[in-house]
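K.L.:
this one's structure only:
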């Protein structure tokens, strides 16, 4: 029987929540200190209407703090006008090149301001876990690190052989299924099993990476069992409902589907703010080494930009370990190169 487990890692500078499915990371939630609470999913605010485009049926909003958002206009709505204050709830977080999407609650009064933040990570995990146990401590740290590492990968091996590659473009998410080399195997049977396995793996990995919108899966081989693949896809992507739509396998051997976008993709957060992500990783490495080597002097080496980003977390780390570490900037290092040593 398939099982899900739930973890929360309360690290310096961020909180990470993880859901695993049969021991593999399925969802990764990250909330970093200092993030704009007004653009988080579920946040309710008073916003100001900056402009209205009737031809696009869209109102452009200014949220508390100045962040933009869009509001889709419906025929049954009261008329929205420029400069008006409205109460809204965030239904979709901003992502690369796109503003947050809001839902109208009703008219508002006064300046833009946050009325209620969205649910925090612990609340979300407890809602998912229901009566299940929420794991914290070292086990949660390891689960979150594993989830983060897998979310950043592009090519993922499949159980039993083969692989799939997941790449995001501005228009869609492309997934390529590769059978790999299996000498002497029944190619038709292997291809069918690889495609079925890939659909379940793709569903898990898209949830982990936080990707949605239009997804195109380039299936391996030809002459697909379209009915079996469509049935498998409906089961695999069931947890993403409501809002999932799946098309039959096309004559080109591709399957298209749409998955609702709700959160900012985790891969965007980790890659676009790569120096901060690396700095937080470095702080966790220092904390881990500090606990493994009580009393030792610790030295962390990293790129100058990562060292600068890590500076704001040094005080919090000193509260946990004491002032027994230094962070050294190394010219010519890339953001991904991090080293910690103890003496």
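P.N.:
Everything's here; your move. Please read all numbers here as calculations on a predicted model, not as lab measurements.

K.L.:
chain center to the helix or strand containing residue 104: distance?
P.N.:
Per DSSP states H and E: residue 104 is located in strand 100-107. For strand 100-107, the distance from its own C-alpha centre to the chain's C-alpha centre is 23 Å (C-alpha atoms, centre = their mean, to the nearest Å).

K.L.:
what are the pairing partners of it, and which direction each?
P.N.:
strand 68-72 (parallel), strand 85-92 (antiparallel) (DSSP bridges).

K.L.:
and it, which residues are buried?
P.N.:
Neighbour-count burial for strand 100-107, counted by 16 or more other C-beta atoms under 10 Å, picks out 100-102, 104. C-beta coordinates here come from the backbone N, C-alpha and C atoms, glycine included.

K.L.:
of the residues you listed, which is the nearest to residue 289?
P.N.:
Nearest to residue 289 out of the buried residues of strand 100-107 is residue 100 (C-beta to C-beta; 38.6 Å).

K.L.:
what's near enough to touch the closest one?
P.N.:
Shown in contact with residue 100 (C-beta atoms under 8 Å, 6 or more residues apart in numbering): 39, 63, 67-70, 90, 92-94.

K.L.:
what subset of these is buried?
P.N.:
39, 63, 67, 69-70, 90, 92-94.

K.L.:
closest to residue 186 among those?
P.N.:
The closest of those to residue 186 turns out to be residue 92 (C-beta to C-beta; 44.5 Å).

K.L.:
now that closest one. Nearest residue, chain neighbours left out?
P.N.:
residue 101 (3.9 Å; C-beta to C-beta, 6 or more residues apart in numbering).

K.L.:
ok, back up a step: is it possible to get a markdown table of the strands paired with strand 100-107 that adds mean pLDDT?
P.N.:
Shown next, in a markdown table, are the strands paired with strand 100-107 (pLDDT from 0 to 100):
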| stretch | mean pLDDT |
| --- | --- |
| strand 68-72 | 97 |
| strand 85-92 | 97 |
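
K.L.:
mean confidence for the strand or helix carrying residue 45?
P.N.:
Per DSSP H and E, residue 45 falls inside strand 44-53. Regarding strand 44-53, the rounded mean pLDDT is 97.

K.L.:
give me the helices and strands touching it, please.
P.N.:
strand 58-62, strand 85-92, strand 113-116 (3 or more C-beta pairs under 8 Å, 6 or more residues apart in numbering; DSSP states H and E).

K.L.:
which strands and helices lie in contact with the last one?
P.N.:
The one in question is strand 113-116. strand 44-53.

K.L.:
rerun that using 10 Å as the cut-off
P.N.:
Judged by 3 or more C-beta pairs under 10 Å, 6 or more residues apart in numbering; DSSP states H and E, the packing partners of strand 113-116 are strand 44-53, strand 85-92.

K.L.:
quick check: buried residues in that strand?
P.N.:
residue 114.

K.L.:
so how far is the first residue of stretch 145-165 from its last?
P.N.:
In stretch 145-165, first residue to last residue: 21 Å (C-alpha to C-alpha, to the nearest Å).

K.L.:
now it: average pLDDT?
P.N.:
For stretch 145-165, the mean per-residue pLDDT is 95.

K.L.:
check which residues of it are buried.
P.N.:
For stretch 145-165, the buried set under the neighbour-count rule, 16+ other C-beta under 10 Å, comprises 145-148, 150-151, 156, 158, 161-164.

K.L.:
tell me which of those fall in strands.
P.N.:
If you go by DSSP state E, the buried residues of stretch 145-165 have 156, 163-164 in strands.
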